[in-house]
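**Q** Here is the input, now give the coordinates:
(one chain, ligands or ions: 1)
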Amino acid sequence: MTTPPRRPPALAATERVVSGLRAAIERGELQAGDQLPSERELARQFGVSRPSIRTGLKALAAVGVLQIRHGAGTFITAGPPALASEPLSLLAALHGFTRAQLFEARIVLEVSVAGLAVERATPSNLSAIGNEVTAMFASFGDPDAFLLHDIRFHRAIAAAAHNPVLVSMVEMVSSLFERVRHTTIRRARDLQEAADEHRAIEQSIRAGDSERARQAMSAHLRRAERAQDAERHAAAGVSPLTFPGRRRSGASASAAPARNRRVVRTRTS
Ligand SMILES: [Zn+2]
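**A** Predicted coordinates:
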């Protein structure tokens with residue numbers, strides 16, 4: 001039998017900070033990019049302790065409303081809303097979202113976004129998209145730089161759809177993949193192929209061909225999904241047709257259970 005947890009005494013004060021700042025944002029008194037007063041000043045304004053201020057600011061930072069820049073201060077998040085990966089990665093862990101489900105969501109979202117980008121892209125959107133493609137072609141020797149431009153390319157397309165909700169959603173879903181992708185080894189041939197795919201997307205957006213842009217985005221993301229799966233399974237020493245779940249990545253093929261080896265033999269590709 002458990003007793004209900006006792007409410008920490010500071011919680012009410014923290015809630016006052018969170019709801020007070022939220023209200024100021026909703027009233028437009030605080031806007032994107034604004035710097036908040038110092039902790040000391042906030043403590044005075046809210047009539048609470050500095051630890052309560054700090055806890056409140058951290059809570060708002062965790063959901064992407066604030067950015068705490070050490071040494072510089074606390075700011076209302078500017079730029080594309082960074083509701084970021086945290087809430088979604090927590091949900092993913094809690095509910096066991098699979099990579100296939102996440103990829104499907106990403107494809108549904110980004111294919112539609114590519115279609116909207118064709119209709120709404122401004123000349124400056126087009127040049128931002130084009131710059132990322134050019135940078136990708138210049139980064140074959142540096143997979144980390146390539147990945148960065150890949151991420152920025154998808155962001156630039158989302159921006160060209162001119163819907164901040166979609167920008168935020170694309171950011172949220174795609175950032176979940178970044179961590180995985182940083183751990184995978186990118187070969188030069190893969191980078192060339194990926195750069196070509198991005199260029200095909202860019203060209204169809206420039207050509208104003210919505211259907212071709214959607215198809216190119218879909219083909220790109222589907223290939224990326226297959227490539228990542230193959231890389232992950234190669235790293236884990238198991239066949240791409242088995243789902244390793246929480247298998248440790250150090251497991252070798254010879255240590256794989258017989259069930260997995262049987263699947264290897266029935267692979268068609
Ligand atoms: Zn890409």
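**Q** what are the ranges of the helices in the stretch 101-250 of the chain?
**A** Secondary structure of the stretch 101-250 of the chain (DSSP state H, counting those that start in this stretch): helices at 123-137, 143-160, 164-183, 188-206, 210-236.
**Q** need these in a markdown table with mean pLDDT, mean neighbour count and distance to L60, can you?
**A** C-beta here means a position set from N, CA and C on the backbone, and glycine is covered the same way. As requested, the helices of the stretch 101-250 of the chain are exported to a markdown table (pLDDT from 0 to 100; neighbours: other C-beta atoms under 10 Å; distance: least, C-beta to C-beta, whole Å):
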| stretch | mean pLDDT | mean neighbour count | distance to L60 |
| --- | --- | --- | --- |
| helix 123-137 | 96 | 17 | 29 |
| helix 143-160 | 91 | 21 | 23 |
| helix 164-183 | 75 | 17 | 16 |
| helix 188-206 | 91 | 18 | 35 |
| helix 210-236 | 85 | 18 | 33 |
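**Q** Which one, of the ones you listed, ends up nearest to A93?
**A** In terms of C-beta to C-beta, the element of those nearest to A93 is helix 164-183, at 10.6 Å.
**Q** Any idea how far apart the tips of stretch 176-194 sit?
**A** End-to-end span of stretch 176-194 (C-alpha to C-alpha, to the nearest Å): 19 Å.
**Q** who's in contact with the helix or strand encompassing L60?
**A** According to DSSP states H and E, L60 maps onto helix 50-62. Under the criterion C-beta atoms under 8 Å, 6 or more residues apart in numbering, residues 10, 13-18, 21-22, 36, 39-40, 42-43, 46, 66-68, 74, 86 lie in contact with helix 50-62.
**Q** Return the members of the residues you listed classed as buried.
**A** Among the contacts of helix 50-62, those classed as buried by 16 or more other C-beta atoms under 10 Å are 13-14, 16-18, 21, 36, 39, 42-43, 46, 66-67, 74.
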